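Trainee: Any chance you can model this:
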Amino acid sequence: MLARLSIRDIVLIERLDIEFASGLAVLTGETGAGKSILLDAFALALGGRGDAGLVRHGAEQGQVTATFDIPKNHPAAAILAANGIDGSVSEDSGEMILRRVQLADGRTRAFINDQAISVQTLKAVGAALVEIHGQHDERALVDASSHRRLLDAFAGLETDAAALAVLWEARRAARAALDDHRAGVERAAREADYLRHASDELRQLAPQDGEETALAERRATMMAGEKIAADLREAQDAVSGNRSPVSVLAAAVRRLERRAASSPSLVEPAVRSIDAAINALEEADQHLAAALAAADFDPAELERIEERLFALRAASRKYATPVDGLAALAAKFVNDVALIDAGAERLVVLEKQVAEADRRYAAAAAKLSAARIKAAEKLDKAVNAELAPLKLERAMFSTQIESDPASVGPQGFDRVEFWVQTNPGTRPGPLMKVASGGELSRFLLALKVVLSDKGSAPTLVFDEIDTGVGGAVADAIGARLARLACKVQVMAVTHAPQVAVRADQHLLISKDALDRGKRVATRVATLAEDHRREEIARMLAGAEITAEARAAAERLLKAAG
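Mentor: Predicted coordinates for the structure are as follows:
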């Protein structure tokens, strides 16, 4: 519900702070006092259209802040969550604060809990929190889809409608799966011969991921080894072959060792050096032998590698696919061939699933439609029972349901619209087209009373729906507003004392002269009991409040209490 409304520099309102309570709040005041300005400011905070003309003369900007107390699971919080906005509801107080800044150059800025948001998001949240209804602002009744939602809410069919939406999605998914499979089967059938040939060819080729790179590296190594093998063999022959100096050096070492006993200081260093040279030559021989072994290859293996590379690259060109992609392509061809072979069986399975999804959806939609038809009869009876006291005793309200099983959707196949017949013998038609402004407001009030808190925003605002009526009709309107306020918060702008006396909170809107009459400002005051009696007397008597008017006001207050 709306807890506080703060307005700064909007038209004639310089600074205004209003605390609201639950129940019925009425706003009264003389014509021109600023009631419409107050509602325009409130609508701005709810996402209504901005206008530079709303900014008070001389100010750079105007601002309206509306604070709501809402439960954590309120749909407004879900709207913010869907738009990726965190902290939609204060953890401590359950408050949601809507703020709109109107700049004098026409631009506006929107905030919720001090987070900048788009005006579209603000409007969606505002619509979930407040409904404003007047003779020319029956937004809740314009869209026929809202009528179906309201009927479902009245009958408690929201769970059934949500379950039907799930079945609709399952039906859609089953049909999409069938269509995709059928398209795949048809495509595969058109290419059957090619697919079978390609699948067999790639199966025989059996390409492996990374195979081309491995083969190319092995081929390069073998070809490089062929070029250096001759040099390696020549080097090995020089180290350990017929031309090797090892035997000559070994003989020289033996001769020197025989002389070592007589001249060790001269011989031993030379012997050690020659031994080292012999060891180095033997180590070199080992390295050369290893290199020759690595460079050695079977020419037939090189030929096999080259043939394999040629085959792989030929397949790559043929199928316009990189060699490393041939394995995946082969798997795809196998799957496509399998789709041809098993497609008919799978098609039958999917067709059965679609038929079952259709059957379940159709059964649930038919059941929901039948429940709506029964609920519509009860809704019509309840609304029509409210019409006579509202001076609509010759009118008739009816819920029109057009059911077309050939035109289905997530909410079923029913099109629901509220119709009225204002007088016997006249043609009934859609509520928005047939009823006049005053009649429309009273039809709306009757409907809202019947629906109570079902399918309704937590705060309802009625703007002068008692215009043109008085006496018993105004009293009936007041009584119904009071009944409605037992379920939701209700605010009513009224000129009828019979409505005003029903209020739990009475707000008086007035216009005060400032700066010695050079400018005026709109004020709002919460009336205490004695001041409230005086205001109701003014509403009864007009400009001059008489004792009779005060006595009548007292009687009205006692009767309402």
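Trainee: now the helices: where do they sit in the stretch 201-350 of the chain?
Mentor: 211-240, 246-259, 264-295, 299-318, 326-387 (DSSP state H, counting those that start in this stretch).
Trainee: For residue 16, which of those helices is the nearest?
Mentor: helix 326-387 (35.1 Å; CB to CB). From N, CA and C alone the C-beta is placed, and that goes for glycine too.
Trainee: how near is residue 253 to residue 277?
Mentor: Distance check for residue 253 against residue 277: by CB to CB, to the nearest Å, it reads 10 Å.
Trainee: So these two - more neighbours on which side?
Mentor: Shown here are residue 253 and residue 277; by other CB atoms under 10 Å, residue 253 has more neighbours (18 against 14).
Trainee: ok, the more buried one touching residue 274?
Mentor: Yes - Residue 253 is within contact range of residue 274, at 5.1 Å (criterion: CB atoms under 8 Å).
Trainee: quick one: low-confidence parts of this protein?
Mentor: The chain contains residues with pLDDT under 70 at 86-93, 134-144, 226, 296-297, 437, 453, 455, 515-517, 561.
Trainee: tell me the centre residue of it?
Mentor: residue 82 (4.4 Å; CA atoms, centre = their mean).
Trainee: quick one, phi/psi of residue 32?
Mentor: phi 90, psi 0 (degrees, to the nearest 10).
Trainee: so who does it touch?
Mentor: For residue 32, the contact set (CB atoms under 8 Å, 6 or more residues apart in numbering) comprises residue 511.
Trainee: how near is it to residue 23?
Mentor: Where residue 23 is concerned, residue 32 sits at a distance of 28 Å (CB to CB).
Trainee: sorry, back to before: ok, which of the helices of the stretch 201-350 of the chain comes nearest residue 61?
Mentor: Nearest of those (CB to CB): helix 326-387, 44.4 Å.
Trainee: Determine the set of other helices and strands touching the closest one.
Mentor: helix 144-155, helix 158-190, helix 192-205, helix 299-318, strand 396-403, strand 414-421, helix 437-451 (3 or more CB pairs under 8 Å, 6 or more residues apart in numbering; DSSP states H and E).
Trainee: What residue in the chain is the furthest from its centre?
Mentor: residue 262 (105.4 Å).
Trainee: Excluding sequence neighbours, find me the nearest residue to residue 541.
Mentor: The shortest distance from residue 541 to any non-neighbouring residue, by CB to CB, 6 or more residues apart in numbering, is to residue 549 (3.5 Å).
Trainee: ok so the one you found is a helix residue?
Mentor: Yes - when DSSP: H, G, I helix; E, B strand; the rest coil is applied, residue 549 is found to be in a helix.
Trainee: Specify the local secondary structure of residue 522.
Mentor: strand.
Trainee: Pull the number of nearby residues for it.
Mentor: Residue 522, neighbours per other CB under 10 Å, totals 23.
Trainee: and if you look at residue 191?
Mentor: Neighbours around residue 191, by other CB under 10 Å: 13.
Trainee: Now do the same contact list for it.
Mentor: residue 336.
Trainee: Phi, psi for it please.
Mentor: According to degrees, to the nearest 10, residue 191 has phi -110, psi 20.
Trainee: Now do the contacts for residue 321.
Mentor: Here residue 321 is in contact with residue 329 (CB under 8 Å, 6+ apart).
Trainee: what's the spacing between it and residue 345?
Mentor: Counting by CB to CB, the gap from residue 321 to residue 345 is 30 Å.
Trainee: Could you do residue 95 as well?
Mentor: Taking CB to CB, one finds residue 95 at 60 Å from residue 345.
Trainee: neighbour-wise, which of those two wins?
Mentor: Neighbour tally, residue 95 and residue 345, criterion other CB under 10 Å: the higher count belongs to residue 95, 15 against 9.
Trainee: and that one, what is it in contact with?
Mentor: Counted by CB under 8 Å, 6+ apart, residue 95 has contacts 3, 67-70, 89, 113.
Trainee: Show only the entries of the residues you listed found in strands.
Mentor: Of the positions in these, 3, 67-69 sit in strands, assigned by DSSP state E.
Trainee: Nearest to residue 121 among the residues you listed?
Mentor: residue 68 (15.3 Å).
Trainee: Quick one: neighbours of that closest one, just the number.
Mentor: Residues near residue 68, counting by other CB under 10 Å: 24.
Trainee: I'd like the numbering to begin with 7 instead of 1 from here.
Mentor: Fine by me, first position is 7 from now on; the one you just mentioned is residue 74.
Trainee: Same list, the helices and strands packed on helix 332-393, but as a markdown table with mean neighbour count and distance to residue 226 please.
Mentor: What follows is these, written out as a markdown table (neighbours: other CB atoms under 10 Å; distance: least, CB to CB, whole Å):
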| stretch | mean neighbour count | distance to residue 226 |
| --- | --- | --- |
| helix 150-161 | 20 | 72 |
| helix 164-196 | 15 | 41 |
| helix 198-211 | 15 | 22 |
| helix 305-324 | 13 | 10 |
| strand 402-409 | 18 | 77 |
| strand 420-427 | 21 | 75 |
| helix 443-457 | 22 | 84 |
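Trainee: Would you mind listing the outside residues contacting stretch 25-33?
Mentor: 7-11, 41, 44, 487-488, 490-492, 495-500, 505-506, 508-515, 530, 532.
Trainee: From these, list just the buried residues.
Mentor: 7-9, 11, 41, 44, 487-488, 490-491, 495-500, 505-506, 508-509, 511-515, 530 (16 or more other CB atoms under 10 Å).
Trainee: What about those residues, which are in helices?
Mentor: 41, 44, 487-488, 490, 505-506 (DSSP state H).
Trainee: Could you single out the nearest of these to residue 383?
Mentor: Closest approach to residue 383 among these (CB to CB): residue 490, at 22.7 Å.
Trainee: List the residues that contact the closest one.
Mentor: 30, 451, 454-455, 458, 466, 496.
Trainee: Check residue 111 too.
Mentor: Counted by CB under 8 Å, 6+ apart, residue 111 has contacts residue 58.
Trainee: Regarding it, what is its secondary structure?
Mentor: Quick answer, by three-state DSSP: residue 111 is coil.
Trainee: Near residue 474, how many residues? Count them for me, please.
Mentor: 16.
Trainee: Looks like it contacts residue 446 (just checking).
Mentor: No - counting by CB under 8 Å, residue 474 does not reach residue 446; the two are 11.9 Å apart.
Trainee: List just the nearest of the contacts of residue 490 to residue 240.
Mentor: residue 466 (106.1 Å).
Trainee: Tell me the strands beside the strand or helix carrying the closest one, with direction?
Mentor: Assigned by DSSP states H and E, residue 466 belongs to strand 465-469. Using DSSP bridges, strand 465-469 pairs in its sheet with strand 136-140 (parallel), strand 495-499 (parallel).
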